[in-house]
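Undergrad: how would this look folded up:
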Amino acid sequence: MFSDGMGRGILAAAALLLSLCSCIKEDREDCPCRLDLFFTGEHLPCVISLQSGEKTFVDTVRTAGTFSVSVPRGEVRLNACSGAGDAFDPRRGLIIPEGKECPPVYMCSRSISANAEIVRDTVRLHKNHCRITLKIKTEDGKPIKGYNLALRGGVCGYDLKGSPLRGPFSYVAKASADSDYACTVPRQVDDSIVLEISDEPDVLRKFAVGEFIAESGFDWTLEDLEDIVLEIDYSRTGVTFRISGWTRTIKMDVVI
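TA: Numbering: from 1, shown residues only. Below is the predicted model:
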């Protein structure tokens, strides 16, 4: 049998243990969540940022597998970006300076509910850029040379929610070895892209190619954006635009 002193000690220890268990149960909601993010290995390395309230965690994922981090419980905003270089700011988003084209970015941006001790999720990065190739030929079938081709639009990058960011975009396309012109643009929210053909300092022609792209059936809402090949044929009476089987001819007096 236990003495009175020993019995009181055991009862006190038991009460303390019950009290600790109760505290742990009550405070569990204040404990951090272990977030396990699985990366498939595609489009790595990538920069990730996790935002919870005013706190932001930033790191780089370089290899496939599970990336684990402790985050406060609640809604966490995930941003993962690959291929952006210095254009991606984990605290601001992806900003494309005027005169630059969109980098070849692959992105994932969404909210994760981190309301358990352990939350597991898979991160898949999607193609968030569109490469527009311009194939321009004159009536004799020869490519034009010596002109500047500028693409201008109204989306200058992506915000921290992964949504297109409105702002001025402009890029002077350079001719490649086969005399094609190319420019990479971000996801668009309207049909405002304009093509300017100039012989500095004069702008010779402006074309609303954003409207042509829309008429061709191109879908800017796809998770993985497709690329565009825009063929432009000049003749003495007009200009013909072709995109994936779609055709539009504009009658005009051709300057080029």
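Undergrad: flag every buried residue along stretch 104-119.
TA: By neighbour count on 16 or more other C-beta atoms under 10 Å, the buried set for stretch 104-119 is 105-109, 112, 114, 119. Where C-beta positions appear, they are placed from N, C-alpha and C, glycine not excepted.
Undergrad: same question but for stretch 124-139, I mixed them up
TA: By neighbour count on 16+ other C-beta under 10 Å, the buried set for stretch 124-139 is 125-137.
Undergrad: closest to residue 36 among the buried residues of stretch 104-119?
TA: Minimum distance to residue 36 across those is 7.1 Å, recorded for residue 119 (C-beta to C-beta).
Undergrad: state the distance from that closest one to residue 34.
TA: The gap separating residue 119 from residue 34 is 7 Å, by C-beta to C-beta, to the nearest Å.
Undergrad: taking the buried residues of stretch 104-119 one by one, which sit in helices?
TA: The helices, defined by DSSP state H, take in nothing from those.
Undergrad: just those: which are in strands?
TA: In strands, defined here by DSSP state E, the members of these are 106-109, 112, 114, 119.
Undergrad: rebuild those as a markdown table, extending it with distance to residue 185 and pLDDT.
TA: Formatted as a markdown table, those follow (distance: C-beta to C-beta, whole Å; pLDDT from 0 to 100):
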| residue | distance to residue 185 | pLDDT |
| --- | --- | --- |
| 106 | 15 | 97 |
| 107 | 15 | 96 |
| 108 | 20 | 96 |
| 109 | 18 | 94 |
| 112 | 29 | 96 |
| 114 | 34 | 96 |
| 119 | 35 | 97 |
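Undergrad: so which of the buried residues of stretch 124-139 comes closest to residue 220?
TA: Distance to residue 220 across those (C-beta to C-beta) is lowest for residue 130, with 7.9 Å.
Undergrad: which helix or strand contains the closest one?
TA: Using DSSP states H and E, residue 130 sits in strand 129-137.
Undergrad: what ranges do the strands span in the stretch 51-200 of the chain?
TA: All strands of the stretch 51-200 of the chain, identified by DSSP state E, counting those that start in this stretch, fall at 55-61, 65-71, 74-82, 88-89, 93-95, 106-114, 118-123, 126-127, 129-137, 148-158, 164-175, 181-186, 194-199.
Undergrad: what's across from residue 198 in the sheet?
TA: residue 148, residue 203 (DSSP bridges).
Undergrad: contacting residues around the residue nearest to residue 48 when sequence neighbours are not counted?
TA: Using C-beta to C-beta, 6 or more residues apart in numbering and skipping the chain neighbours, the partner closest in space to residue 48 is residue 80 (4.7 Å). Shown in contact with residue 80 (C-beta atoms under 8 Å, 6 or more residues apart in numbering): 46-48, 61, 107-109, 123, 125.
Undergrad: and the furthest pair within those?
TA: Across these (C-beta to C-beta), the longest gap, 14.8 Å, separates 61 and 109.
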